Structures are given as structure tokens and as C-alpha cells.
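Engineer: What would the 3D arrangement of this be:
(2 chains)
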There are 2 protein chains.
Amino acid sequence: MAKLPKRSEDYSAWYNELVKTADLAENSDVRGCMVIKPYGYSIWEKMQQELDKRFKETGHSNAYFPLFIPKSYLSKEASHVEGFAKECAVVTHYRLKNDPNGGGVIVDPEAKLEEELIVRPTSETIIWNTYKNWIQSYRDLPILVNQWANVVRWEMRTRLFLRTTEFLWQEGHTAHATQAEAEFEAKQMLEVYADFAENILALPVIKGVKTANERFAGAIDTYCIEAMMQDGKALQAGTSHFLGQNFAKAFDCKFTSKDNKIEYVWGTSWGVSTRLMGALIMAHSDDEGLVLPPNLAPIQVVIVPIFKSEEQLQAITNKVNVWKMALSKKGISVKFDNSDTQSPGWKFAQYELKGVPVRVAIGQRDLDNGTCEIARRDTKTKTSIQSDTLVDYIEQLLPEIQKNIYQKALDFRTSQTVEVDTWDAFLETINHKTGFISAHWDGTSETEEKIKELTKATIRCIPIGNKKEKGKCVFSGNESNERVIFALNY
Amino acid sequence: MAKLPKRSEDYSAWYNELVKTADLAENSDVRGCMVIKPYGYSIWEKMQQELDKRFKETGHSNAYFPLFIPKSYLSKEASHVEGFAKECAVVTHYRLKNDPNGGGVIVDPEAKLEEELIVRPTSETIIWNTYKNWIQSYRDLPILVNQWANVVRWEMRTRLFLRTTEFLWQEGHTAHATQAEAEFEAKQMLEVYADFAENILALPVIKGVKTANERFAGAIDTYCIEAMMQDGKALQAGTSHFLGQNFAKAFDCKFTSKDNKIEYVWGTSWGVSTRLMGALIMAHSDDEGLVLPPNLAPIQVVIVPIFKSEEQLQAITNKVNVWKMALSKKGISVKFDNSDTQSPGWKFAQYELKGVPVRVAIGQRDLDNGTCEIARRDTKTKTSIQSDTLVDYIEQLLPEIQKNIYQKALDFRTSQTVEVDTWDAFLETINHKTGFISAHWDGTSETEEKIKELTKATIRCIPIGNKKEKGKCVFSGNESNERVIFALNY
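Structural biologist: Here you go, the predicted model:
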């Protein structure tokens, strides 16, 4: 098995290589579109299950809206079209025909659409155009709907999971009778994302609100969770938008309120995507391969037998079958790799690469001594334990690993976050040390843009519940009331 | 609440109206594309869960392949392109721009793709183009992969669920080292579909093989399950294709066998779609609305309180809360509709329309007597029972309802299936009685096409395990060894 590039030498090559060799995804022959391979997809399925459960617990239902959006819909919300129209797949025809000159199939020029269709880059427009027919009175509200779907944004530079032309995501779209209710919803979904990121992905996140420059095209406020990758860059791991009445106005979506007034509906939208796979990989994995938090690992425990004869394998198998049953009963997923085509050493490396949290090795000497060897993927430590304690041991170990992976990422973030108060210090930091910079900002788009131009750093967010603190903008020297987070980002 | 059209008067209008009023789906403003509403989608989700479980139990994993297929890929398998190229959405451009003449956004002529992309109508081509890189040796086989996805086939005449331009489906694509293994897989998946249809959808199906005319474009054999709707027409509810080496040859997908020979890979593909929603509705529902088999119903039991005061409602609620907990523990989904904005009568009609299998009504007199009223959706019968037996009663009732719905559909199919031995009898039957005709056929495409031309009836399938029986073709009088199923179809 070829070794991965080292993170310290070429972080980017390490990531690309890991995604491929761990069987997570690969580029397809269609520019910018990826194939998500079975192992990668099984991790995405676990993310989907955990998110879907949380959406339903907070009262949401799933539905499905069309893949295609009439071109004119995109133009109805002015800032929305600016944000999305420039990078989209356009369907112009609905038929192919045989080339009369024998050149295979060609587009049939007679099958041209009257109005072009856009492959959805996001679904606010088609959904609000639908909601307007669903909503007459306050009794029809709220509408709490989520959609699991594929979307397409034509990207010039793509990277597996992080930025692809087609990606998978969920998009929640809710409609409310009052501003307060819609704002509550947008913030609630941010909490749901943060809970999911921290407890399932083991990914510490900063909850914040975006500046006007970084807001979703069509939103009043964009809330976000921002995570730090191992190279110190920020990755936006989820967003929740308070849309105000913008889309309701664009699609003429009104309702009769309790006091019998005609009002525009208030909206939110929120989404996370297969980009989370990129975040997961870049936050935790190491030079040997993936490191998966147990709460997401498709295989939580792998058992590798070490044997020299069929007889030895049989004796090990008898023991393992009892473990497998007991572990499965506790909801722990186990794989027993008894194949004889590969050596134990090869298997060890393979399951390290795949990020399986716990490896159990058992051979003849272990059988004789009533022991087995437990290896943790996160710390790479090995322990020999009494084999009759294995089930309880693993049951306690999995949450410990989950916690440790989270803590490690949190400690790293803490160590890579610095408060900076002068422009020189800002430049010094951004050029020599990766990570988050907590600094005062004067609140203007002008300053924000200037800083981006000079350093490539953007304001990742204004943290929610931020400490109020008088200070001077790190760039302009103007007054400021709180610090914001600057970073380079994916 | 407006009444549905009667099935006996206008079956087609009844179906269209039911799909809309029961909140299953509606047409969107995008031609031929539907919106699947939350209630409809929750039924589809249950179908997905049941199918997905069966796919995984038979060793399959999910993965994801690109939405777009380069135009040239479609041409690589000759019959495949004939079957699919004529009805597809073609992406020709990747950018919009502001109209310099102020007409909103227009397609940017400079952003024309070198090769057009087709929105997948099915994924054999892109998947076999991927598999060829995954497969070198027999050790890489079998590949057992499924994909849950949206597909697009440009349909001129669409109907909600039954025929839509975009629909949701799953498509399994497997690769094998031997013909026998691939044939086994194709037949196995047919059995999986039949089991799902009969036990979950309560839909009796005939398992069979398609004639050459009705085969999937690119398959050697197409296996199918055919169901009968209440108007006597046939609906193809799922297909499983043995692809031979057709796609492997088209995409140059070879492997080194155990005996060290280079061979082409053997393939299968198999799929079911949101069309099953149409089958479900048309097979069981009645003039009052949906009839859902308990195994698919998002709400299995609805409890409607009948009360005149807050106090009465409170007493009922106390009792209901105990039931809810006990029923939930048994995995039975319950809704307690305690809203005070609608009358009990309105609620009764509403849950009938939505197809909830069991309704429990409880009022003050029931409280006094220790009773409650149980209404079955399938038979429309009501019974008063002792309320302390409710949980056990319902637990036994749900499988009974499931069985009854299946049996009713089976009895109907039996009553509407006739053996026909002369051409006059065939014409008489097809023109005056709906249903399946079991008749001898000479095995030629010519006869099959002639019969279709004259009567619109097609051969739905040659049933698997068919009785061998000497006879004469109902049309040509030529020799035949077995009967096939003719019917009008959706």
C-alpha cells in the first residue's frame, strides 16, 4: 500500500490522496462532478440519519421540489440572481436525434425550450413559488419543510467534497407568520447544526453571524458555524438564513393574519452539504489515514484474527462470534475480517487508512492466555486486555474516543487562535501562523474588503454571544465594540 | 371538504384529484415536474427504508454517481441510445449573464459547453465508465452498488407519480465475474421487489420476463413485476435487467479471471421509482380517499377526541397519553388530533382521505363506560371495544388490515384474469372487460406488434414458473408452449 503524502509537507496533496485511497470519492469524467464511493457514501448516510432525526425532532418534514428552475424565477429576487446566475447549468433543449451526416447523436435544434431551465443551485425560488399556493391564512403557517437533494453550481476550480459542481445537501425552507418566529427558527437550526457538528462529527465550531459581504444572496441575516481545519484554515460547515420577507415579496406570497390583515410571509432557509465530508477528513485525519469519530464510523470495531492454521482460525472464530453478537446487541457495528488473502499487517494498515476507531487483534497466544489486543485509531495506542472484559471495555472506549477526538480538535483551535490588536501584528500573524485571528473591526464593508485584498483573510463570523469590548479597528483604527474572527478559508 | 369524483364514473379524474387533495403531490410550474408534498414524501420515505433494508441484507451498498452524462456516452451502447436519447434534458451552457439590452438574465453565448451534458435518464453509461477503473481482477468482483437518485426523461404527456419528467428512484448496478452470478443477481432482485410489493405495499404481483419488444434498452433479459390496478389495467411496478456483457463491451470493462484469462464483466441493473406511489394509490384506494396498508402508513392510528369542554378533553387526554406511550413502545405510530378548530366529523373525513388504517374515537360516554370506538379504514366497519384492551386489539388489528388489503387486491386480480383461446374471444374481452388476458402467443414480435396495433394490449410478461401447455397462438394460430399475460397498461 502506497504511503500518503505527509500533512506537514503537502497538506493539499495529503487530502486529495486520502480521499481517493480511503475509498471515499473520486473525480468522474464529468468536469467537477464526483463519484461518492460506497465507503464514503456510508459515512454520508450516517450524517444524513443524524441530521434527519434532528430535523424531525424539531417538527420538520421532508418533501421534494423540481430539479429545474425556470430562468425567469432566478431574476425575481434581485440579489439572489447576482449570487447564483453566474455559475449554473442551463438546459436549453429536450431531445437528441441521429445526426443525418452519421456523426452519432446531436442536439435536435427543433427541440429548443421556450424558456431555458436552470439546474437548481439552491431552491428558494421554486419553493417560494410553490408556497404561495399553499398559504392563504395564518392557519397554514408555519410550513417546516426540508429537502434532501442534489444541486449544481458551476465551479471553475473544484476539489473533492469541498467544492464540486454537483453536490448533495439538505435545504430547509420554512415559512412563518411573524418575524420573531422566523428569526427563532433560523437560530434554532444553527443550534441543531452546532449540536450535530460537535457531538457527531466531533468538530468544535464557532457559532456566528456573517457580515453583509458574506451573507447568502437574498438573506437578511446569515448565521453560520465555522470550524478550523488542521492547516489552520476556516471551513464554513453550515449556514442558516433569516430571509425576512424577501422571497415572499419576490413571489407575492401573502397571508391573512389573526387580526385579519394581509401580510407577507417570513422565511428562513438552512443547509449543510457533502462539504461536511471534507471538514470531517481535514479536521481529524492523520498521515496514516482517516480518523473517524465513533458516532459516524460505518465500522466501529474491526476484529483481525492472527492465525497459522484453519484450526486456529476456527478457535478464534468461535470466540469472535460471541463478541460480535454481544457488541451488535449494544448497537456497536463490528466487522470480523477473516479473509486469508491478506496478512494481518496489511489489514492493520488498511483499517487505519479507513479510520476504524477500534481494532481488536487476537491470535493463538491470546487464546491461550485469555487476552486480546485493543488498538485505538485516535491515539494509536495498544493495550492488552482480558478477553472476557472486551464487550464492556469497548462500550466504554467508544465514547471516550469520540470525546478525545473532539477535545484534540478544540485544543488545536484554541492554540491556533490569537487576539491581535495592531495591523502589523495582523500581517505578521496571517503571514506566519495559520489559524483564527480575533480582532476589532470597524463594521464597514470597505475595511473588510481592503483586508481581504491585502491578506486574503475574510471575516468568518461575528461570534454569537460575543463579549462586548471597546477597541479600535485593527485596520482603520476606528471605534469597535467587539472582536470578530478573521481567517483564511476553504 | 369537496368530494372526490367516483372511480366508477371517472377513474382518471378520481386519481388526479385524490393525489392532490390527500396532499401527496402536485404539478409544479415546471412542465412535467412534480412537487412531492410532505405527506406523500413520508410514504415514499417508508418505501425507501423498506427497500434499502432489503438491498443491504442482500449485500448491496449505496453510492452516488454524477447527474450529468456526456452526450457521447449514451451512444456507446447501440440499443441504449435508441431507447433514451430521444427524450432527455440537454445542458448546453454553464453561465447566464445580464442582458446588455436590459431584458433580465440571458444565456451567455460564450459559455457553451464543448460537449453537451445529458441529465441522466438512467445511469448505466456513467457507472460502467466508472466501473472499468474499479475492476482489474476477479478479486474486485462482485460490485454490488445501489444509488438513490433523481432522473429525467422528457415526457410529452405526464401524470403525477405515474409518468413525470423528473422522478425519484433507486437504481442498482452490479458487476460480476460470471454469467450465472449475474443472472442469479437479476432474479434475486426481482424476488426482493416482489417481496416488498406483496408484504409492504400489499400489492399482489406477477413475476415474469419481458418479451424482446418490451425489454430495457441494452438488456439481454428484463424481469418484471406486474400489478393490476382497480380499473383492470396493468402497471409495471419494478424491473430487473440481466445486461449480459453489453455495457462492459461498450465501456471496455474487462477483468482477469481466476484462470488468468481476460474477460468482459457481466452486469445487471434494477430499479423502482416514485411510480410505486401511483401503484399504491390505484390498487387500494376508494371513493373516500387513500387506503394505506399499515406497513406503509406514516400514521397508523389516529385518535379523535369528542368533547364539549376543556375538562372533558383533559380527561380524554389523560387516557390517550397512556395509550400513546404503550402503542409507541410497540412501534405503532399514533397521532392524537386534539385541535379544537375542526369538528370530529371533519377529522373523520380528513383521516379517511389520508388513508390512516385505524381510527379511535373517544368521548365522555366512552369514558363513563370504559369503552372506545375503533374504525377500520379498509372495511369501513366500526366496533366498540373495552378501552383497556385497546393496545392489544390494535396490535392484532394492523397485520389483519395489511392482510385484508392484500387479499382484496388478489381476489380482484383473480376475478379480472381470464384465459382466452380464440381471437374473437380476445377482442370481445379486451373491448368489454378490463383485466389480464392469459393467452397463447407464437413467440414472434410480429404477432405481438399486430395485437398491440389492433387492441392496444401489450404482453405484460411471460410469467416465471409458467405451466407448460401446448396450444395455438390466439392471433396467428401457430404453435405455442405456454400462455402469456396480455393487458392494457399504464
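
Engineer: all contacts plus neighbour counts: C-alpha atoms, from now on.
Structural biologist: Fine.

Engineer: and A:C88, how far is that from B:S123?
Structural biologist: 22 Å (C-alpha to C-alpha, to the nearest Å).

Engineer: repeat for A:T414
Structural biologist: 46 Å.

Engineer: between those two, which one's more packed in?
Structural biologist: B:S123 (23 against 13; other C-alpha atoms under 10 Å in any protein chain shown).

Engineer: burial count for A:E110?
Structural biologist: Other residues lying near A:E110 total 11 when counted by other C-alpha under 10 Å.

Engineer: no, scratch that, I was asking about A:K408
Structural biologist: A:K408 has 17 nearby residues by other C-alpha under 10 Å.

Engineer: Please name every helix or strand in contact with the lowest-mean-pLDDT helix or strand in chain A.
Structural biologist: Ranked by mean pLDDT, DSSP states H and E, the weakest helix or strand in chain A is helix A:78-84, scoring a mean of 78. Packing partners of helix A:78-84 (3 or more C-alpha pairs under 8 Å, 6 or more residues apart in numbering or on different chains; DSSP states H and E): helix A:71-74.

Engineer: next one: the helix or strand where A:A375 lies to chain centre, how far?
Structural biologist: Assigned by DSSP states H and E, A:A375 belongs to strand A:371-376. Put simply, strand A:371-376 sits 32 Å off its chain's centre (C-alpha atoms, centre = their mean, to the nearest Å).

Engineer: how about that strand as PDB, C-alpha atoms only?
Structural biologist: The C-alpha trace of strand A:371-376 is given here as PDB (Å, rounded to 0.1, in the frame of the first residue of the first chain):
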ATOM      1  CA  THR A 371      -6.400 -12.000  26.300                       C
ATOM      2  CA  CYS A 372      -6.700  -9.800  23.200                       C
ATOM      3  CA  GLU A 373      -5.100  -6.600  21.900                       C
ATOM      4  CA  ILE A 374      -7.000  -3.400  21.500                       C
ATOM      5  CA  ALA A 375      -5.700  -0.600  19.300                       C
ATOM      6  CA  ARG A 376      -7.200   2.900  19.300                       C
END
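
Engineer: Residues touching that strand, excluding its own?
Structural biologist: Residues outside strand A:371-376 that contact it (C-alpha atoms under 8 Å, 6 or more residues apart in numbering or on different chains) are A:357-363, A:366, A:381-388, A:401.

Engineer: Need the buried ones from the residues you listed selected in PyMOL.
Structural biologist: Buried residues within the contacts of strand A:371-376, by 16 or more other C-alpha atoms under 10 Å in any protein chain shown, are selected in PyMOL with:
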select buried, chain A and resi 357+358+359+360+361+362+363+366+387+401
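
Engineer: quick one: which of the contacts of strand A:371-376 sit in strands?
Structural biologist: Taking DSSP state E, the ones among the contacts of strand A:371-376 that sit in strands are A:V358, A:R359, A:V360, A:A361, A:I362, A:G363, A:K382, A:T383, A:S384, A:I385, A:Q386.

Engineer: Name all residues that make contact with the last one.
Structural biologist: By C-alpha under 8 Å, 6+ apart, the contact list for A:Q386 reads A:G370, A:T371, A:C372.

Engineer: Tell me what the last one is bridged to.
Structural biologist: What that stands for is A:C372. A:I385 (DSSP bridges).

Engineer: Pick out the residue of the stretch 251-400 of chain A closest to chain B.
Structural biologist: A:T341 (9.9 Å; C-alpha to the nearest C-alpha).

Engineer: Doesn't that residue belong to a helix?
Structural biologist: No: counting by DSSP: H, G, I helix; E, B strand; the rest coil, A:T341 is not found in a helix; it is coil.

Engineer: residues near the closest residue to A:L190 other than its chain neighbours, how many?
Structural biologist: Distances taken as C-alpha to C-alpha, 6 or more residues apart in numbering or on different chains put A:S240 closest to A:L190, at 5.9 Å, once the chain neighbours are dropped. By other C-alpha under 10 Å, 29 other residues sit near A:S240.

Engineer: same deal with A:Y351?
Structural biologist: A:Y351 - counted by other C-alpha under 10 Å - has 22 other residues nearby.

Engineer: again, but for A:A13
Structural biologist: With other C-alpha under 10 Å as criterion, A:A13 counts 14.

Engineer: any idea of the pLDDT on it?
Structural biologist: We have a pLDDT of 97 for A:A13.

Engineer: Which secondary structure element is home to it?
Structural biologist: helix A:11-21.

Engineer: Buried ones in that helix, by neighbour count?
Structural biologist: A:Y11, A:S12, A:W14, A:Y15, A:N16, A:E17, A:L18, A:V19, A:T21.

Engineer: Which stretches in the stretch 301-450 of chain A count as strands?
Structural biologist: Secondary structure of the stretch 301-450 of chain A (DSSP state E, counting those that start in this stretch): strands at A:301-306, A:334-336, A:358-363, A:371-376, A:382-386, A:417-419, A:436-440.

Engineer: need the residues of the stretch 51-200 of chain A near chain B, please.
Structural biologist: A:61-72, A:75, A:85-97, A:104-105, A:107, A:130, A:145, A:154, A:166 (C-alpha under 8 Å from any C-alpha of the partner chain).

Engineer: tell me the centre residue of chain A?
Structural biologist: A:L276 (1.7 Å; C-alpha atoms, centre = their mean).

Engineer: how about the nearest residue to that one once chain neighbours are set aside, phi and psi?
Structural biologist: Leaving aside its sequence neighbours, A:L276 sits nearest to A:A237 (C-alpha to C-alpha, 6+ apart; 6.2 Å). Here the main-chain torsion angles of A:A237 (degrees, to the nearest 10) amount to phi -100, psi -10.

Engineer: show me what contacts A:A237?
Structural biologist: For A:A237, the contact set (C-alpha under 8 Å, 6+ apart) comprises A:C224, A:I225, A:E226, A:A227, A:V272, A:R275, A:L276, A:A279.

Engineer: how close does it sit to chain B?
Structural biologist: To chain B, A:A237 is 21 Å away according to C-alpha to the nearest C-alpha, to the nearest Å.

Engineer: repeat for A:Y223
Structural biologist: A:Y223 is 26 Å from chain B, where distance means C-alpha to the nearest C-alpha.

Engineer: how many neighbours does the closest residue to A:K254 other than its chain neighbours have?
Structural biologist: Leaving out its chain neighbours, the residue that sits closest to A:K254 by C-alpha to C-alpha, 6+ apart is A:Y264, at 4.3 Å. For A:Y264, the count of nearby residues is 22 (other C-alpha under 10 Å).

Engineer: ok, A:Y264 to B:A175 distance?
Structural biologist: In terms of C-alpha to C-alpha, A:Y264 sits 54 Å off from B:A175.

Engineer: do A:P70 as well
Structural biologist: Counting by C-alpha to C-alpha, the gap from A:P70 to B:A175 is 39 Å.
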